[in-house]
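K.L.:
Dropping the sequence and predicted coords here.
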Amino acid sequence: MRLDVVSIFPEYLAALDLSLIGKARRDGLLELTVTDLRNYATDRHRTVDDTPYGGGAGMVMKPEPWALALQDVLDRGAADGHTGGAEEPTSPAVNQRPVLIVPSPAGQVFTQEVARELSEREHLVFACGRYEGIDERVIEWARESFEVRPMSLGDYVLNGGEVAVLAMVEAIGRLVPGVIGNPESLVEESHSDGLLEYPVYTKPASWRDREIPEVLLSGHHGRIARWRRDEQLRRTARRRPDLIEDLDPALLDKQDRDV
Ligand SMILES: NC(=S)c1ccno1
């Protein structure tokens, strides 16, 4: 998977050199490039923002630097053989276009399901807006060559898209085959089956007069699996009843309904 991030604070993305994502980059599983938007400013002051038409507080990110930066991302992708680059996409219907993800409170809510969908795409490009946002004409222009996806981490406002990109790249990147050493780890985590994950424990069995659930010491795999499933259902019902409402009933077995 190829990932590009465009930002005026490229150093913000340094965390993507660390841990599993950093290792995946070094192993060639993820090809991630961070681009400084200011390198595409068209004046000697490297200006990337200006006052908003119609008045109002704050500044808006100028369209031209963004268009030049995103076109360069496309051209580099095409030069490296990634489809959907500068030349016409061969068959956009099969989603070969690069996906332009624009973190924004006005975007689609980013979920595990969206992460899974995006982890199967070939080229993701993240546009980190700052100030009051990016001139809307950039989004319109980008639709000619990208599948544009405004995306929100949640209903709150950040100072820019970089923090959201760190979260999305980690959530998406870890689903790319080979990034997580043991793919089994992906099976029983929160949201993998529509439920929150069960509580986990490790040694010592007794800690500050607190014991672990006895069933976990039983060695009875069937009982342990049942206990874990019950805990998932209880925890989800308590903390995120909205997930239970949305749950596909086919995912619930008969015993689930007795919890
Ligand atoms: N909620 C998100 S993703 C965001 C981006 C910028 N501000 O808020």
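P.N.:
Arrived safely, thanks for sending. Numbering: from 1, shown residues only.
K.L.:
outside of the strand or helix carrying Val6, which residues touch it?
P.N.:
Applying DSSP states H and E as the criterion places Val6 in strand 2-7. By Cβ atoms under 8 Å, 6 or more residues apart in numbering, the list of residues contacting strand 2-7 from outside reads 13, 16, 30-37, 66, 69-70, 73, 76-77, 80, 82, 122-128, 160-162, 165, 169, 173. Where you see a C-beta, it was placed from the backbone N, CA and C, and this is true even at glycine.
K.L.:
Check stretch 237-249 too.
P.N.:
For stretch 237-249, the surrounding residues in contact (Cβ under 8 Å, 6+ apart) are 191, 194-196, 233, 236, 259.
K.L.:
Just the ones of those in helices?
P.N.:
Those of the contacts of stretch 237-249 mapping onto helices are 233, 236, per DSSP state H.
K.L.:
Could you export the contacts of stretch 237-249 as CSV, including neighbour count, distance to the ligand and pLDDT?
P.N.:
Converted to CSV, those look like this (neighbours: other Cβ atoms under 10 Å; distance: Cβ to the nearest ligand atom, whole Å; pLDDT from 0 to 100):
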residue, neighbour count, distance to the ligand, pLDDT
His191, 17, 18, 85
Gly194, 17, 23, 89
Leu195, 24, 24, 94
Leu196, 20, 22, 96
Leu233, 21, 30, 96
Thr236, 21, 24, 97
Val259, 13, 34, 63
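K.L.:
Residues of the stretch 51-200 of the chain that sit close to the ligand?
P.N.:
Among all residues of the stretch 51-200 of the chain, those adjacent to the ligand (criterion: Cβ under 6 Å from any ligand atom) are 103-105, 152-154, 156-158, 161, 164.
K.L.:
Much appreciated, bye for now.
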